[in-house]
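> Whatever this is, show me its structure:
(4 chains)
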There are 4 protein chains.
Amino acid sequence: MAGNSFGELFRVTTFGESHGKAMGCVIDGCPAGLEISLDDIKKELERRRPGAKHGSRDEEDLPEILSGVYEGKTLGSPIAIIVRNLNQKSEDYNELKDIYRPGHADYTWEAKYGFRDARGGGRSSGRETLCRVAAGAVAKKFLSLHGITVTSSVDAPLNIDELKNEKDSAGGLVFCRITGMKNAVGLGEPVFDKLDARLSSAIMSIGACKGIEFGAGFAAAAMKGSQNNDEPACSGEYKTNNCGGILGGISTGQDIIFKAAFKPTPSIEKIQKAYTRDGSIKEISIKGRHDVCIVPRAAIVAEAMTALVIADYLLLCRCSKI
Amino acid sequence: MAGNSFGELFRVTTFGESHGKAMGCVIDGCPAGLEISLDDIKKELERRRPGAKHGSRDEEDLPEILSGVYEGKTLGSPIAIIVRNLNQKSEDYNELKDIYRPGHADYTWEAKYGFRDARGGGRSSGRETLCRVAAGAVAKKFLSLHGITVTSSVDAPLNIDELKNEKDSAGGLVFCRITGMKNAVGLGEPVFDKLDARLSSAIMSIGACKGIEFGAGFAAAAMKGSQNNDEPACSGEYKTNNCGGILGGISTGQDIIFKAAFKPTPSIEKIQKAYTRDGSIKEISIKGRHDVCIVPRAAIVAEAMTALVIADYLLLCRCSKI
Amino acid sequence: MAGNSFGELFRVTTFGESHGKAMGCVIDGCPAGLEISLDDIKKELERRRPGAKHGSRDEEDLPEILSGVYEGKTLGSPIAIIVRNLNQKSEDYNELKDIYRPGHADYTWEAKYGFRDARGGGRSSGRETLCRVAAGAVAKKFLSLHGITVTSSVDAPLNIDELKNEKDSAGGLVFCRITGMKNAVGLGEPVFDKLDARLSSAIMSIGACKGIEFGAGFAAAAMKGSQNNDEPACSGEYKTNNCGGILGGISTGQDIIFKAAFKPTPSIEKIQKAYTRDGSIKEISIKGRHDVCIVPRAAIVAEAMTALVIADYLLLCRCSKI
Amino acid sequence: MAGNSFGELFRVTTFGESHGKAMGCVIDGCPAGLEISLDDIKKELERRRPGAKHGSRDEEDLPEILSGVYEGKTLGSPIAIIVRNLNQKSEDYNELKDIYRPGHADYTWEAKYGFRDARGGGRSSGRETLCRVAAGAVAKKFLSLHGITVTSSVDAPLNIDELKNEKDSAGGLVFCRITGMKNAVGLGEPVFDKLDARLSSAIMSIGACKGIEFGAGFAAAAMKGSQNNDEPACSGEYKTNNCGGILGGISTGQDIIFKAAFKPTPSIEKIQKAYTRDGSIKEISIKGRHDVCIVPRAAIVAEAMTALVIADYLLLCRCSKI
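Below is the predicted model of the structure:
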């Protein structure tokens, strides 16, 4: 399988190219009896939706649940959700079909598969992430039964309006926090599937993510042990959360906190140099409809991926003891 | 399965508690015909071995290959390697068995499994990583057939001798580089199993790792698109490597470069407060034999994990095209 | 994951309830560059389609390819195919919603999941198999590149017309043969994933299958070693094929042959006793539109599952040697 | 991974060649807190042990538990068990190294991997099954907590003493029964991972197994629906068990019953023809120490595999409902 599935027990498989017929996901392993409605999914998709303010493709994403839900509850069978692609402008990409856009998967995809769908990035488009958000909406409903919530905030250090005028783009940071973990101490498998290892994989698999750190993160590399170890306060609380809510790969009950770095949108109208298929270098200006800064939308995707990990580990944890 | 296996096609399973009978690994899926000797494994284990200079448990790790190698070559069957634990001092841990050591998995393990092996961290000990290094030695041999090399360097910003006197510990950074990737353009699966996602999971699964970044990493969050996109030089080369050798989750042929942050050793002789099983707080001094700074050894483990990922993805990549 | 995926590298995930909105499959891991058309899929679906002659639900299954195919060739990304459910008569099932139909998954599903979709068997309906056939059509195209063909024949020992008059049903046998294996000696993994083990799992996962045997099969239990061992003829050929084309779980190059037993359709109009949800016993007559004998259709499904296994193992086999 | 692991949550990986240093298994995912002793494992290994009465290699198998058990209970970490190979007579195989023994994996292994360990079948030896039995012993302990028992019986239709005199061998049947399933209604996943599908894979993966059937099995192919459907008796009981305790791939609470066919031992002293590596045909007599009939030992292995499947599905079933 070529990496389009995520999770062990609460497992999502996604499909769809940016300018194909539809995007979609199949969730296998969602426990039966969970109340879920189309609105639960729409609400999360709306949060991710590109808006005029981002200067990007403004397409209403109308999800359809094809299976797995009956009389408002999950059946235990796979939940398939699709969203039709309605607002493609594939002709935008005609002039790019022989060019390897800088910062994109164009060259690497072709090297791997021999040819590619050049319309809007195909499978490597950011549009792929809407399926993650749809699946994450189901995971969030499952987490809500356990009193667990995933939230995010964003820091984009550059001035976005200025960059828009410069026809350039900006990166930024996503901060993620999982609360309610007191109800879920013990999540995470001790060796290769540590909770932070899986979360790292989940977040780094979002296009444009270039780094992730938990708790004190990179700062811990310059700390002494006596500083970095979280000191007990009382009643099981700690004075700090340098560990980020995870010790030995297993959740401690504290909030889980991590920070992820996203690079600037590689598609810019500003003129830049690019390789072409024949190996020459050409100056290009990428028109299309692109976010100046994808970070606000990446944050919603990061929440979804986080929810998927926690849902999966909640199930795995049911099997730790006899 | 509880997370003691890593990889899809080149897959390693590890076992062993710090103070149990033996540590070991089983590699399933190593292609047949690879030349491998005990020395190949010993050499890597020796690099990871704690030395007097680190102030840690000085135990010679003597690997034994139990299966999978015949007349100096891999058979295609599982390669099992064990290392006996010879130099345990379990009595060191008697006084810690009711205490949850700060920065360790003691409390989380107990919450998850109901009880624990308190001798030296049990399965959560850093000793677990020797199995990764043994398996990584086999992966490195496979990579060498493709001209691919994994190297690392270390930066520990604090003065280690001073910290030793203070009975404290230090964290640090590991820099990792994969060369020879020109021979392996196209590694990585485009969505959830992006090459950087899998590498993140691999490295974050090493105990004490708190963050990872690729190429420009966190700095990319403050860059413009026109700065961050790597500009073509000529002959397929680029002026920078901000992408870290990976675009869209797939290797570009450039060196792959990443940096990981490791927290200071949580076991320190310096007095610190800790929770006990009954919920009270107690002052403790952890004696035992602990590295002031584990980062030099973590670097060897990071190399091994990296080699395992690349070996796995080299095999997966054989199936991308008809 | 709850068992709706099949295969390691050529991996299919299916979804859909009999009376839900749609059935579908997602194939992840199909190599890029394979020519595939909607007709390839329609042709196989048509072979499986229930006909008036079987007395069953006569619904034209119109597949739609949502992703993964571009300009007539597979992209390397997931291939999603859906078929809308158009001809449901859910009201047929109203009177059955508190009854556990004999020979069906009604009681077991409820015990497992707490409630069920009683319309036409829901996820446990035979309609689920159309997704296998759609995916199998893609696998068959891949096999055709290797000169490998999967064929089947059927033996239904009872007189079907008589049984129809009796409002009863009949079982039967499916014979399957894989030719062209000379091009694919060495398929199968030696221990748990033997080729015959995986094929058994594939075929036994078809509803109503109750047994499978390879080559001499059950007859081998009454043979002497000197009889059962296939005797060399010349030029690598054998006088018999008692082994069924597989030795030690690995293909020999001979045709692979197996036989599977299918029980009679459990839904019969003839009056029979059944448990109700409250534990009482009631006499029922199941109306609906049911095949007197599902075996002709099961054969097409068996071909599809076989093709999926061989496609998967062809890919796995690319990784056996350095 | 090349097929040396079995199971999803209760997952065993095995290793070892017949004439290598050791055989072994690693069980990952056994829940913590299960009481297990070396005697539990020895007892099952003793049942499988070849005896003088079978005329086969009489080697005492002394298991050693290397990890995962602490103070008599499972820790939740991987349980590694090894058995040293002590009684090899590798020289027995010298004259066979260029010959492809009829009914063995010699030719297929070489075709797959390029070369082989010719000593006693290497990885394809029946000795591999001792690791299954060791792992199965742990699974059986877990099943005993749920009141579930796996038993077997054997039918070898030919006269074994006669065959021994003829230097020939015999096949036979294994009957397996799982009792106590009333405590475990609902095991099995509805589509590809049906309980009977997984059991088929488990049993067919035992070398020499050529067929399997559940409940009425092949006889069901000649039955009418009204005969084959199990008729309710009262109190949830049924008058027959044609379904073999499984409907729609999910356990009903009845005993699970299946029958498996094993071919005669392919290694016989009686003269037979065989291909050699250069393609010629030679007459051979296989000396060595071989069972006239492996079926009594295969039955113990079948029990072990069955126990592994049920243990795995008991864990999976914990995740069916919210």
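
> Let me know the pLDDT of residue A:117.
Note for residue A:117: predicted pLDDT of 86.

> whoops, I mixed them up, residue A:211
pLDDT, residue A:211: 98.

> Over to residue A:158?
88.

> helix/strand/coil for it?
coil (DSSP: H, G, I helix; E, B strand; the rest coil).

> Let me know the secondary structure of residue A:178.
Applying three-state DSSP: residue A:178 is strand.

> tell me the phi and psi of residue A:155?
The phi/psi pair for residue A:155 (degrees, to the nearest 10) reads phi -130, psi 110.

> What's opposite the nearest residue to it once chain neighbours are set aside in the beta bridge?
Excluding its sequence neighbours, the residue lying closest to residue A:155 (Cβ to Cβ, 6 or more residues apart in numbering or on different chains) is residue A:173, at 4.4 Å. Placement of C-beta: from N, CA and C, glycine included. Residue A:173 has these beta-bridge partners by DSSP bridges: residue A:155, residue A:261.

> Am I right that residue A:173 is in contact with residue A:158?
No: if you go by Cβ atoms under 8 Å, residue A:173 and residue A:158 don't touch, sitting 11.6 Å apart.

> how close does the residue nearest to residue A:155 get to residue B:222?
According to Cβ to Cβ, to the nearest Å, residue A:173 and residue B:222 sit 9 Å apart.

> shaky segments in chain A?
Within chain A, the stretches with pLDDT under 70 are A:1, A:51-59, A:89-92.

> in it, which spans are helices?
Assigned by DSSP state H, the helices in chain A fall at A:38-48, A:106-113, A:129-145, A:160-165, A:195-204, A:225-228, A:295-316.

> These: which one's closest to residue B:256?
helix A:106-113 (12.2 Å; Cβ to Cβ).

> Show which residues not belonging to that closest one make contact with it.
With Cβ atoms under 8 Å, 6 or more residues apart in numbering or on different chains as the test, helix A:106-113 has contacts from A:99-100, A:116, A:118, A:122-124, A:275, A:277, B:185-188, B:190, B:246-248, B:250-253, B:317, B:320-321, C:32-33, C:75-76.

> so how far is residue B:99 from the residue lying farthest from the centre of chain A?
Distance from the C-alpha centroid of chain A, by Cα atoms, centre = their mean, peaks at residue A:234 (35.9 Å). Using Cβ to Cβ, residue A:234 is found at 16 Å from residue B:99.

> still on that earlier bit, also near chain D: which of the contacts of helix A:106-113, exactly?
The subset of these within reach of chain D, counting by Cβ under 8 Å from any Cβ of the partner chain, is empty.

> In ChimeraX, how would I select just the buried ones from the residues you listed?
Restricted to buried positions by 16 or more other Cβ atoms under 10 Å in any protein chain shown, the ChimeraX selection for the contacts of helix A:106-113 reads:
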select /A:99,100,116,118,122,123,124,275 /B:185,186,187,188,190,246,247,248,250,251,252,253,317,320,321 /C:32,33,75,76
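
> sorry, back to before: between the helices of chain A, which one is nearest to residue C:144?
Across the helices of chain A, closest to residue C:144 is helix A:106-113 (Cβ to Cβ), at 20.2 Å.

> Convert the closest one to CSV, retaining C-alpha atoms only.
The C-alpha trace of helix A:106-113 is given here as CSV (Å, rounded to 0.1, in the frame of the first residue of the first chain):
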residue,chain,number,x,y,z
ASP,A,106,6.5,18.0,-9.5
TYR,A,107,9.9,16.6,-10.2
THR,A,108,9.9,14.1,-7.4
TRP,A,109,6.5,12.7,-8.4
GLU,A,110,7.6,12.2,-11.9
ALA,A,111,10.8,10.6,-10.9
LYS,A,112,8.9,8.2,-8.7
TYR,A,113,5.9,7.3,-11.0
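
> tell me the angle of that helix relative to helix B:195-204?
If you take axes from the mean of the first three to the mean of the last three Cα atoms, to 10 degrees, helix A:106-113 sits at 80 degrees to helix B:195-204.

> what's around the residue in the stretch 201-322 of chain A positioned nearest to chain C, how many residues?
Nearest residue of the stretch 201-322 of chain A to chain C (Cβ to the nearest Cβ) works out as residue A:312 at 9.6 Å. For residue A:312, the count of nearby residues is 26 (other Cβ atoms under 10 Å in any protein chain shown).

> Pretty sure it sits against residue A:27.
No: Residue A:312 is not in contact with residue A:27 according to Cβ under 8 Å; the separation is 10.8 Å.

> quick one: common contacting residues for these two?
In contact with both residue A:312 and residue A:27: A:10-11, using Cβ under 8 Å, 6+ apart.

> who in chain A is up against chain D?
Residues of chain A lying near chain D (Cβ under 8 Å from any Cβ): A:9, A:29, A:31-34, A:74, A:76-77, A:142, A:145, A:190, A:315, A:318-322.

> taking those one by one, which sit in strands?
Residues of the residues of chain A next to chain D located in strands (DSSP state E): residue A:74.

> and the helices of chain A, which is most packed in?
helix A:195-204 (a mean of 29; mean count of other Cβ atoms under 10 Å in any protein chain shown).

> Can that one be said to contact chain C?
No: against chain C, helix A:195-204 shows no contacts by Cβ under 8 Å from any Cβ, the least distance being 15.2 Å.

> which other helices and strands contact that helix?
strand A:209-214, strand A:256-262, helix A:295-316, helix B:195-204, strand B:209-214 (3 or more Cβ pairs under 8 Å, 6 or more residues apart in numbering or on different chains; DSSP states H and E).

> Output these in JSON lines; the columns should cover distance to residue B:69.
Shown next, in JSON lines, are the helices and strands packed on helix A:195-204 (distance: least, Cβ to Cβ, whole Å):
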{"stretch": "strand A:209-214", "distance to residue B:69": "38"}
{"stretch": "strand A:256-262", "distance to residue B:69": "41"}
{"stretch": "helix A:295-316", "distance to residue B:69": "34"}
{"stretch": "helix B:195-204", "distance to residue B:69": "24"}
{"stretch": "strand B:209-214", "distance to residue B:69": "31"}
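
> Residue numbers of the stretch 51-200 of chain A in contact with chain C?
When proximity is defined as Cβ under 8 Å from any Cβ, the stretch 51-200 of chain A approaches chain C at A:64-68, A:70, A:73, A:75-80, A:82, A:112-117, A:122-123.

> how near is residue A:151 to residue C:321?
Distance from residue A:151 to residue C:321, by Cβ to Cβ: 50 Å.

> before we move on, what about residue A:321?
In terms of Cβ to Cβ, residue A:321 sits 43 Å off from residue C:321.

> next one: residue A:191
Look at residue A:191 and residue C:321: by Cβ to Cβ, they are 30 Å apart.

> Residue A:125 now?
37 Å.

> Relative to residue D:268, which of the helices of chain A is closest?
For residue D:268, the closest of the helices of chain A is helix A:295-316, at 48.5 Å, according to Cβ to Cβ.

> Measure how buried residue A:322 is and give me the count.
17.

> for it, what are its contacts?
Taking Cβ under 8 Å, 6+ apart, one finds D:31-34, D:74, D:142, D:145 in contact with residue A:322.

> repeat for residue A:184
A:146, A:148, A:251, A:253, A:310, A:314, A:317.

> let's go with 7 Å and repeat that
If you count contacts by Cβ atoms under 7 Å, 6 or more residues apart in numbering or on different chains, residue A:184 has them with A:146, A:148, A:251, A:314.

> just checking, the third one touches residue A:181?
Put plainly, it is residue A:251. Yes: applying Cβ atoms under 7 Å as the test, residue A:251 and residue A:181 come out as touching, 5.4 Å apart.

> so what's in contact with the two at the same time?
residue A:245.

> about what we covered before: determine the number of other residues adjacent to the residue nearest to residue A:155.
The tally of other residues near residue A:173 (other Cβ under 10 Å) stands at 20.

> So it sits against residue A:153, correct?
No: applying Cβ under 7 Å, one finds residue A:173 not in contact with residue A:153, separated by 9.0 Å.

> Distance of residue A:321 relative to residue B:111?
Distance, residue A:321 to residue B:111, using Cβ to Cβ: 11 Å.
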